[in-house]
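> Structure, please.
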Amino acid sequence: MKLLIVLASNPYSHDFNTAIKLARAGIERNHNVSMFFMANGVYSLVREEIKNLAELGVKVYYCAHNANQRRISPESWAESSSMYGLSKLVGEADKVIMLD
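As a prediction, this is how the structure comes out:
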């Protein structure tokens, strides 16, 4: 199954912890897990937990426009994308979970 988790809330909210747990559970079940960070969610990219998920096989995407607005420069393990890229990911996913 292809699971997409979209996070738009800040990295110190309950949504962040929920997203981490959902991504780990998906990886443990051998699902194809992707995460997309937008709005204040791009601040999550500086957290170590996201890098650890990327190392486990989670595909990490972020809205480049939102990151630029917030002066966030994600590492090379996160792929720059856009709202158009998000629409493509949504179309390809079996399940989409939006946390805002």
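
> need the helices for this protein, in chain order.
14-28, 48-56, 64-69, 83-92 (DSSP state H).

> Go ahead and confirm Asp15 touches Ile5.
No - the pair Asp15 and Ile5 does not pass the contact test of Cβ atoms under 8 Å, sitting 9.8 Å apart. Any C-beta I mention is one placed from the backbone N, CA and C, and that applies to glycine too.

> Could you tell me which residues touch both of these two?
Residues touching both Asp15 and Ile5 (Cβ atoms under 8 Å, 6 or more residues apart in numbering): Leu99.

> Looking at those two, which one has more neighbours?
Neighbours per residue (other Cβ atoms under 10 Å) separate Asp15 from Ile5, with Ile5 holding more: 24 against 19.

> on that earlier part again, looking at the helices of the chain, spot the one closest to Ser34.
helix 83-92 (6.0 Å; Cβ to Cβ).

> which residues are in contact with the closest one?
Helix 83-92 is contacted from outside by 2, 4, 6, 34, 36, 38, 61, 63, 65, 81, 96, using Cβ under 8 Å, 6+ apart.

> Now do that helix: distance to the chain's middle.
Its chain's average C-alpha position is 13 Å from that of helix 83-92, according to Cα atoms, centre = their mean, to the nearest Å.

> same thing with stretch 29-49?
With Cα atoms, centre = their mean, you get 2 Å for stretch 29-49.

> what's the first-to-last distance across that stretch?
19 Å (Cα to Cα, to the nearest Å).

> Quick check: mean pLDDT of that stretch?
Across stretch 29-49, pLDDT averages out at 96.

> buried set for it?
Within stretch 29-49, the residues that count as buried by 16 or more other Cβ atoms under 10 Å are 31-45.

> Stretch 65-76 - what's its average pLDDT?
Across stretch 65-76, pLDDT averages out at 91.

> and it, how far apart are its ends?
Chord length of stretch 65-76, first to last residue, is 17 Å (Cα to Cα).

> which outside residues touch that stretch?
Stretch 65-76 has contacts (Cβ under 8 Å, 6+ apart) with 37-43, 45-46, 51, 62, 80, 82-83.
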